[in-house]
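Novice: just need the structure, nothing else, for what follows:
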Amino acid sequence: MRRLRHVKIVATLGPASNDYKMIRALSEAGADVFRLNMSHGEHEDIRKLHTIIRQVETDLGRPIAILADLQGPKLRVGKFANDSEELVSGAAFRLDLDSSDGDVTRACLPHPEIFAALKPGATLLVNDGKISLKVDECGTDFANCTVIFGGTISNRKGVNVPDVVLPVAALSDKDRKDLEFVCALGVDWLALSFVQRPEDVTEARDLAAGRAAILSKIEKPAAVDVFDDILAVSDGIMVARGDLGVELPVQAVPPIQKRLIRRCRAAAKPVIVATQMLESMIESPMPTRAEVSDIATAIYDGTDAIMLSAESAAGDYPIEAVTTMNNVAIEVEADPTWRKVMDASSSGVKTTTADAIVSAAREIAETTDVKAIVCFSESGTTALLTARERPQVPIIAMTSHKSTARRLVLNWGTHCVVTSEVDRFKTAVVNAARAACEGGFATRTDQIVVTAGIPFNQPGSTNILRVAPCDERLIFSADPE
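Specialist: Numbering: from 1, shown residues only. Next comes the predicted model:
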């Protein structure tokens with residue numbers, strides 16, 4: 001089950017992928033992380049999927065990460081007397097708190113927090129940006145608008161407000177209940193929607209209380225504006241290009257994607273690129289050339305993971321979609337240009353002993369015939385720092401904590417192994433050599449780099465590096481103690 005690529009694949013589960021046979025097939029095809037979309041399905045449905053994933057994990061003998069994606073607050077218009085209306089560009093249209101059914105002149109927008117934040121000149125987007133309204137006049141319970149781009153508006157369509165920071169918490173009442181449920185269930189990552197400010201993240205972190213890592217979805221312009229502050233309080237990032245492309249000009253999204261990926265790498269925090277990566281494969285067994293290029297671009301950018309949404313959750317070809325991603329990743333990473341890009345985009349951050357150790361490990365791997373870098377990591381920090389270096393050889397993260405191994409599955413180039421606790425460096429080297437050989441990364445005649453912290457079992461103590469043979473007899477003869 002060794003992956004022949006560094007970038008990870010996240011696959012969303014849904015009606016097309018909700019039984020043991022399919023989930024196992026997706027894992028074997030290349031899915032490293034399974035996403036549970038909390039916008040769909042009851043808690044018992046989520047519990048069933050979680051149980052199946054853990055059974056697949058046991059049967060395949062490798063850690064699998066589970067990402068629970070919280071829905072976030074949903075801003076929607078109310079209902080219409082005729083179910084839908086056609087808005088014409090240049091026409092007047094009013095949004096208000098009146099709960100009566102809408103018509104071609106007005107509709108209910110049952111969100112007083114939106115009206116509280118609006119100002120004349122602001123833009124309101126309806127139905128994923130297909131309809132654009134400009135606010136001419138507004139108050140605490142209404143907004144008189146001009147239709148800039150018309151179209152069909154119908155019951156309960158979503159509303160985006162790109163111009164202002166809304167006084168809306170990222171966690172709704174539903175999200176808080178879902179968060180507690182999935183944390184108790186034992187998911188590894190929580191994806192937080194509707195993030196506008198770092199305080200949104202700290203609230204979720206306080207509620208999770210260490211039971212899951214927090215991944216912030218960047219889908220609003222306000223989040224882009226304060227990205228460094230959000231990154232500082234997050235464990236990972238998702239570049240949610242769908243909503244970004246609604247609330248920002250579409251041409252702004254690619255450079256934002258590149259900037260956010262680089263900042264995440266510099267901070268040694270994993271980043272996922274998501275939305276419409278293989279959209280055509282919902283209905284077709286073959287992707288478009290543009291989609292393949294999109295995946296390749298994200299990989300050249302240095303992302304930790306790429307994600308499938310409806311393609312694997314509700315599409316007709318979920319296994320083919322994962323296989324396509326896997327094959328594209330292998331091909332791109334075999335390109336010498338990809339390696340040059342990874343080296344040229346190195347952050348060069350070295351401020352701690354651990355930074356120096358992992359940097360030295362990469363340099364040794366590049367100048368000697370070393371087959372893998374094996375890092376012992378209690379909290380996962382050393383593995384994250386090692387991945388930031390983007391070494392040419394595989395990273396094997398060894399930890400005695402199953403939860404740490406599962407979270408690190410999302411990390412670029414990291415192969416996770418759960419091991420027993422060790423209290424001596426010689427024992428660690430022996431375990432590292434066995435893991436490298438058993439995983440197919442090395443043979444008994446090869447060498448590996450081993451990093452660890454003395455004393456053992458203390459997070460953040462990485463302070464030792466050794467180039468070691470994989471032959472246990474040589475390990476003991478070199479270190480008789």
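Novice: the nearest residue to Asn326 once chain neighbours are set aside: neighbour count?
Specialist: Spatial nearest neighbour of Asn326, chain neighbours left out: Gly30 (3.4 Å); criterion: Cβ to Cβ, 6 or more residues apart in numbering. C-beta: built from backbone N, CA, C; applies to glycine. For Gly30, the neighbour count with other Cβ atoms under 10 Å is 22.
Novice: if I look at Gly30, how far off is Ala305?
Specialist: Counting by Cβ to Cβ, to the nearest Å, the gap from Gly30 to Ala305 is 12 Å.
Novice: can you list residues touching both of the two?
Specialist: Residues touching both Gly30 and Ala305 (Cβ atoms under 8 Å, 6 or more residues apart in numbering): Ile9.
Novice: circling back: contact partners for the residue nearest to Asn326?
Specialist: Per Cβ under 8 Å, 6+ apart, neighbours of Gly30: 3, 9, 322-323, 325-326.
Novice: one more: Asn155?
Specialist: 77-80, 83-84.
Novice: tell me the phi and psi of it?
Specialist: Backbone torsions for Asn155, taken as degrees, to the nearest 10, come to phi -50, psi 130.
Novice: that one - nearest residue in space that isn't next to it in sequence?
Specialist: Asn155 sits nearest to Lys79 (Cβ to Cβ, 6+ apart), 4.6 Å away.
Novice: quick one on the thing from earlier: of the contacts of Gly30, closest to His401?
Specialist: Among the contacts of Gly30, Arg3 lies closest to His401 (Cβ to Cβ), at 21.4 Å.
Novice: contacts only, for the closest one.
Specialist: Counted by Cβ under 8 Å, 6+ apart, Arg3 has contacts 30, 32, 415.
Novice: could you dump those into CSV and include secondary structure?
Specialist: Output for the contacts of Arg3, formatted as CSV (DSSP: H, G, I helix; E, B strand; the rest coil):
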residue, secondary structure
Gly30, coil
Asp32, coil
His415, strand
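Novice: from those residues, pick the one nearest Lys134.
Specialist: Asp32 (44.1 Å).
Novice: quick check: the gap between the closest one and Ala305.
Specialist: To Ala305, Asp32 is 7 Å away according to Cβ to Cβ.
Novice: same deal with Arg47?
Specialist: Taking Cβ to Cβ as the measure, Arg47 and Ala305 are separated by 25 Å.
Novice: the two: who's more crowded?
Specialist: Ala305 (24 against 15).
Novice: next, the residue nearest in space to the middle of the chain: phi, psi?
Specialist: Taking Cα atoms, centre = their mean, the centroid of the chain lies closest to Ile272, which sits 3.6 Å from it. For Ile272, the backbone dihedrals (degrees, to the nearest 10) come out as phi -110, psi 140.
Novice: make JSON lines out of the contacts of Gly30 and add pLDDT.
Specialist: Output for those, formatted as JSON lines (pLDDT from 0 to 100):
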{"residue": "Arg3", "pLDDT": "94"}
{"residue": "Ile9", "pLDDT": "98"}
{"residue": "Val322", "pLDDT": "98"}
{"residue": "Thr323", "pLDDT": "98"}
{"residue": "Met325", "pLDDT": "98"}
{"residue": "Asn326", "pLDDT": "98"}
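Novice: quick one: which of the residues you listed is most hemmed in?
Specialist: Ranked by neighbours (other Cβ under 10 Å), the contacts of Gly30 are led by Met325, which has 32 neighbours.
Novice: next, the buried residues of the helix or strand encompassing that one.
Specialist: Per DSSP states H and E: Met325 is located in helix 318-333. By 16 or more other Cβ atoms under 10 Å, the buried positions in helix 318-333 come out as 318-326, 328-329, 332-333.
Novice: again with stretch 186-203
Specialist: 187-198, 200-201, 203.
Novice: confirm Leu384 sits in a helix?
Specialist: Yes - counting by three-state DSSP, Leu384 is found in a helix.
Novice: which residue sits closest to it, ignoring its sequence neighbours?
Specialist: Per Cβ to Cβ, 6+ apart, closest to Leu384 is Ala268, 4.4 Å.
Novice: and Glu311, by the same measure?
Specialist: Once flanking residues are discounted, Glu311 sits nearest to Ala321: 4.2 Å by Cβ to Cβ, 6+ apart.
Novice: which neighbours do Asp32 and Ala305 have in common?
Specialist: In contact with both Asp32 and Ala305: 8-10, 410, using Cβ under 8 Å, 6+ apart.
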